[in-house]
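Trainee: With the input below, show me the fold.
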Amino acid sequence: MNHKESLLSAIARDQFGVFTLPQFLACGFARSTISRRASSGVYDRLYPGVYGVAGSQDSWHRQVVAAVLSVRGIAAVSHQSAAYLWGMTSRCPSTIEVTSRRYRRVRRGAFTVHESKDIVTSDVVQVDGIPVTSAVRTVVDLGASAPLWMVERCLDSGLRQDLFTAWQVRCFIARVAKPGRNGVGTIRPLVEERLEWASITDSDLEDLLRSVIKSTGCPMPEPQHKLFRADGSFIGRYDFAYPQKMSILEADSLGWHMDPVSFERDRQKQNEAHALGWTVYRITWRQLINDPESVRAIIRKIWED
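Mentor: A predicted model of the protein is given here:
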């Protein structure tokens, strides 16, 4: 393999088997060469000016790279596609979304282009070698196209993974907010809530429990409450607590709390809390989804006592 072929092979390998005409020419090939190879089936024509190495695996990531490389100027994978690449959600979107300064929002076959005049170079980062909107921009943009529950879940997931802070999201909103700017109205109240809470949870289940508690109108509990024995030794950390009411709320899920080690540890924590005079309420995912009113009743009872 000669030098030109080696360069092109490295570029395509890093881009899931995809490359552009400018990249091909930069390796030293003649323009006529790509036309000949594409006609003979060596390369697949994916979009104008974008090619794939024939036989390379046709994956979602390959389609994403081809889509973003087909858009000129500042462009990045965005919205739900970016949230998936960042790991804010495990739901692989059915439609690929790209944001660019140059195109109005239109469908382009397998993907959608969003025009945004406020996107700048610093808003674009590399994730797995793919140009993607920054994590903070991604979660703000989500408000323009994703359902509220997904925006909230991705926001909390990003906070847990330290992809951004609530304060950084607020600052980004201040930078791009203007009349008609989609997404801001959805994300702003969610961010303000989390700034008030001044803490993040460890799971989606805890996020859901906190939302149900908030709907009661009762004071919000202290998250990740640490409890100590009389001698100062550490007992454990509890999901939520009302210290003034000596009440603890634990969010139980089968995935995290039902293996033998976790089961025994949780019961030991509960017994020690009881010995110190605390009341421990265990709340399950099924209860939060199917019977949230029973959870609200528990919260109201705590504050009535």
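Trainee: All the strands of the chain, residue numbers only.
Mentor: Counting by DSSP state E, the segments of the chain that form strands are 18-20, 43-47, 50-53, 75-77, 96-100, 106-108, 111-115, 124-127, 130-133, 222-228, 234-242, 247-252, 279-284.
Trainee: Reformat the ones you listed into a markdown table and put mean pLDDT next to each item.
Mentor: Putting the strands of the chain into a markdown table (pLDDT from 0 to 100) gives the following:
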| stretch | mean pLDDT |
| --- | --- |
| strand 18-20 | 96 |
| strand 43-47 | 93 |
| strand 50-53 | 94 |
| strand 75-77 | 96 |
| strand 96-100 | 94 |
| strand 106-108 | 51 |
| strand 111-115 | 89 |
| strand 124-127 | 96 |
| strand 130-133 | 96 |
| strand 222-228 | 89 |
| strand 234-242 | 90 |
| strand 247-252 | 89 |
| strand 279-284 | 91 |
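Trainee: Dump those strands to a markdown table, plus distance to residue 269.
Mentor: Glycine gets a C-beta too; all of them are placed from N, C-alpha and C. Below are those laid out as a markdown table (distance: least, C-beta to C-beta, whole Å):
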| stretch | distance to residue 269 |
| --- | --- |
| strand 18-20 | 51 |
| strand 43-47 | 55 |
| strand 50-53 | 54 |
| strand 75-77 | 43 |
| strand 96-100 | 44 |
| strand 106-108 | 53 |
| strand 111-115 | 47 |
| strand 124-127 | 38 |
| strand 130-133 | 40 |
| strand 222-228 | 8 |
| strand 234-242 | 4 |
| strand 247-252 | 8 |
| strand 279-284 | 8 |
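Trainee: now the ones you listed in a markdown table, with mean neighbour count and distance to residue 161?
Mentor: A markdown table is the format used below for the strands of the chain (neighbours: other C-beta atoms under 10 Å; distance: least, C-beta to C-beta, whole Å):
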| stretch | mean neighbour count | distance to residue 161 |
| --- | --- | --- |
| strand 18-20 | 24 | 28 |
| strand 43-47 | 18 | 32 |
| strand 50-53 | 22 | 31 |
| strand 75-77 | 26 | 18 |
| strand 96-100 | 25 | 21 |
| strand 106-108 | 11 | 31 |
| strand 111-115 | 19 | 24 |
| strand 124-127 | 15 | 13 |
| strand 130-133 | 24 | 15 |
| strand 222-228 | 15 | 16 |
| strand 234-242 | 18 | 19 |
| strand 247-252 | 22 | 19 |
| strand 279-284 | 17 | 24 |
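Trainee: Out of those strands, which is closest to residue 35?
Mentor: Judged by C-beta to C-beta, the one of these that comes nearest to residue 35 is strand 43-47, at 9.6 Å.
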